[in-house]
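[1] Turn this into a model:
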Amino acid sequence: MGSEGPPAVTIHVTGFKKFHGVAENPTETIVNNLKDYMKKRGLPKGVILGSCNVLETAGQGAALPLYQTLQSSLSRDANDASPARVIWVHFGVNSGATRFAIESQAVNEATFRCPDEMGWKPQKVPIIPADGGISRTRETSLPVEEITRSLAKMGYEVMTSDDAGRFVCNYVYYHSLRFAEQNGIKSLFVHVPLFFTIDEETQMQFAASLLEVLASYC
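    Got it, this is the predicted structure:
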């Protein structure tokens, strides 16, 4: 018998640990609890939840583990899914936000407003010097406007953003978008508010709904 329907979408997820001014990062909680949450809720049809990893909130300190994670999952996915059906979702916190933000792009610039968790505080430094100057951008190949509209219809306070900042979130997103382009996979960064602003249960529901929406657009 042949397989029914399109092949599964494999979605890998990352979050961050604490950093300056944010003692408890909601993305660490979301990513650490996502597999159990999805077991109870049930994964959307056609979705495989791959790795769930929490990165240090540090530019260079996160880059190496990020690449190791990306590479190791790519090897596993070769047996399970075509590259076109692999998505990396990176969650980061924006402590001043009141709603979720789907980030459309990253900029080749590291200008940290404060030192990261390893004490690095670059100013106007290219993230990937080989890519050129700090004005270079990389965009996700996923349809951010459509994804945002779908999530808004589900009742979430969500917006599209074209500015992921210049701190560690943007740093990781730029690396991931470059890796995605080189390997034929997809990458997306999502900023979430603090749990004080949008409670943990709602944020877990949002993460689950995001998996469902992404599967429909891959």
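
[2] By mean pLDDT, point me to the weakest helix or strand of the chain.
    The helix or strand of the chain with the lowest confidence, counting by mean pLDDT, DSSP states H and E, is helix 59-80 at a mean of 77.

[3] where does the chain have low pLDDT?
    1-6, 20, 76-84, 218 (pLDDT under 70).

[4] coming back round to it: any chance you could list what contacts the least confident helix or strand of the chain?
    8, 10, 12, 14, 16, 48, 50-51, 53, 55-56, 83, 86, 88, 110, 112, 116-118, 120, 122, 127, 168, 171-172, 175-176, 179, 183, 185 (Cβ atoms under 8 Å, 6 or more residues apart in numbering). Any C-beta I mention is one placed from the backbone N, CA and C, and that applies to glycine too.

[5] what do you get for stretch 36-44?
    49, 204, 207-208, 211-212, 215.

[6] try it again with 7 Å
    Contacts to stretch 36-44, defined as Cβ atoms under 7 Å, 6 or more residues apart in numbering, come from residues 49, 204, 208, 211-212, 215.

[7] Which stretches in this structure count as strands?
    Taking DSSP state E to define them, one finds strands in the chain at 9-16, 47-55, 86-93, 100-103, 105-107, 137-139, 158-161, 186-192.

[8] Include distance to Tyr67 and mean neighbour count when you put those strands into JSON lines, please.
    As requested, those are arranged in JSON lines below (distance: least, Cβ to Cβ, whole Å; neighbours: other Cβ atoms under 10 Å):
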{"stretch": "strand 9-16", "distance to Tyr67": "12", "mean neighbour count": "24"}
{"stretch": "strand 47-55", "distance to Tyr67": "11", "mean neighbour count": "19"}
{"stretch": "strand 86-93", "distance to Tyr67": "12", "mean neighbour count": "26"}
{"stretch": "strand 100-103", "distance to Tyr67": "20", "mean neighbour count": "24"}
{"stretch": "strand 105-107", "distance to Tyr67": "15", "mean neighbour count": "23"}
{"stretch": "strand 137-139", "distance to Tyr67": "16", "mean neighbour count": "16"}
{"stretch": "strand 158-161", "distance to Tyr67": "25", "mean neighbour count": "18"}
{"stretch": "strand 186-192", "distance to Tyr67": "13", "mean neighbour count": "25"}
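
[9] Just send these back as JSON lines, with distance to Asp36 too.
    JSON lines is the format used below for the strands of the chain (distance: least, Cβ to Cβ, whole Å):
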{"stretch": "strand 9-16", "distance to Asp36": "13"}
{"stretch": "strand 47-55", "distance to Asp36": "10"}
{"stretch": "strand 86-93", "distance to Asp36": "16"}
{"stretch": "strand 100-103", "distance to Asp36": "21"}
{"stretch": "strand 105-107", "distance to Asp36": "30"}
{"stretch": "strand 137-139", "distance to Asp36": "33"}
{"stretch": "strand 158-161", "distance to Asp36": "24"}
{"stretch": "strand 186-192", "distance to Asp36": "19"}
